[in-house]
Each structure stands twice: as structure tokens, then as C-alpha cells.
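In: Got a predicted structure plus its sequence, pasted below:
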Amino acid sequence: MDDRTERLRKIKDEIIGAKNSPLYGYRTQNKYFPVIGEGSHHAKIMFIGEAPGKTEAETGRPFCGAAGRVLDELLESINLNRKEVYITNIVKDRPPMNRDPLPKEINFYAPFLDRQIEIIKPKVIAALGRFSMAYIMEKFGLKSELESISKIHGRIFAAIAPYGEIKIIPLYHPAVAVYGTSKEILKKDFKILKKFAD
């Protein structure tokens, strides 16, 4: 087992045992799993969503419900295998009623995400949805570039990570295609990722 796998497993164990998490009670009460992330530990592209939905919390896997099917289709559209990328969320437990994550929940889980990024060292972070976009752009010193997702989706922002150069690409969350926003917009945005996949 390589060092990355070991370090990512440590994060998983910490999250499972995090009784001080604002969502721990809700998780245990519903017999949900935390959703840590999955994919290649050497991925060039890392997808970061907001928080798990019901299907995700029932299985412990990110993006395995309706939004996940859209994500799989989008990955397929650029010939990218799900196993080659890494997929996770900022918040690792499901918020009640699929509501938006609260600031205190983002603050609690974000350090785990920061460690995942440092371990995997992606070249590209695709931020899925506005919460992920806002957190990632602020983290990488791009706060001044931050606008609504409808204005900056599909744009490439250059930033510096502790391990070198990185590209940040805000994208609509795949759930928007489930609820009506044109899948074509998402497909077009995904084409931008293709050049980073080789």
C-alpha cells in the first residue's frame, strides 16, 4: 500500500469517528455512512462537490445517485474513466433534507478536504456547484475573481498549491442537469477538462 492510500485511510478513520461533527448525530440516527471520496489516489483531475445526498449517504459513495449518473455521462463524453479521477465533497456527511451545507459544516469538514488535496496533488480541481467553487477559489487566493457560477462556469483559473501550479475550473453541479439546466452547457464545459486528462 502506498503512502497516499495510508494517509487517505487515516482521514477516513478520523471522519468516521468524528463525534464532534455537526452532522454526526444525524448520520448515526439514520444509519448513514460518511462519504469520503473515491477514485485514483494519483488523479490529475479532482472533482469536488458540496455534500452527499441520500443515495450517497446510504452507500458511502460519492455521486452515485441521479447527479452521479449525469457525472458519469459527462465523464464518458470526454472519454475519461471514473477510476482515473478522484471524486469527493467538501462536506462528508449528508445534511438533513438535502439542504445546503451550513458555514459551520463547511468549516468542520474543509480541513479534511485540504488534506485530501495535498495528498492527491491534482493538477486540476473541478469545483462542482457554488459552495465548492466559493471555498476552493478562496482557498487558492482567487477570491477577487469570484462571481456567480452562471458567469464563471467553464473558465480556467491558474493558482498555486503547496506542491506547484494548479488549475481551478468552476462547473455547474451535475444535479442542475437533473433539475433542468441544459446538459449541453455541462458537456461543453467538460470538453475543457479533456485537455488536462491526457
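Out: Arrived safely. These numbers were taken from a predicted model, which means no experiment stands behind them. Numbers count the residues shown, from 1 in each chain.

In: Thought residue 88 was touching residue 43, still the case?
Out: No. Taking contacts as CB atoms under 8 Å, residue 43 lies outside contact range of residue 88: 10.4 Å. Backbone N, C-alpha and C define where each C-beta goes, glycine included.

In: out of these two, which sits in the busier spot?
Out: Neighbour count, other CB atoms under 10 Å: between residue 43 and residue 88, residue 88 has more, with 24 against 18.

In: correct me, but that one touches residue 114?
Out: No. Between residue 88 and residue 114 there is no contact under CB under 8 Å: 11.5 Å.

In: Count the residues that sit near the residue nearest to residue 132 when sequence neighbours are not counted.
Out: Spatially, and ignoring its direct neighbours in sequence, residue 132 is nearest to residue 48 (4.8 Å; CB to CB, 6 or more residues apart in numbering). Residues lying near residue 48 (other CB under 10 Å) number 26.

In: tell me the strands in this structure, going along the chain?
Out: 38-39, 45-49, 86-89, 124-128, 157-161, 164-171 (DSSP state E).

In: for the record, mean pLDDT for the first one?
Out: Spelled out, it's strand 38-39. Mean pLDDT, strand 38-39: 97.

In: do the second one as well
Out: Strand 45-49 carries an average pLDDT of 98.

In: again, but for the last one
Out: Within the predicted structure, the mean pLDDT of strand 164-171 is 97.

In: That's all I had, so thanks and see you.
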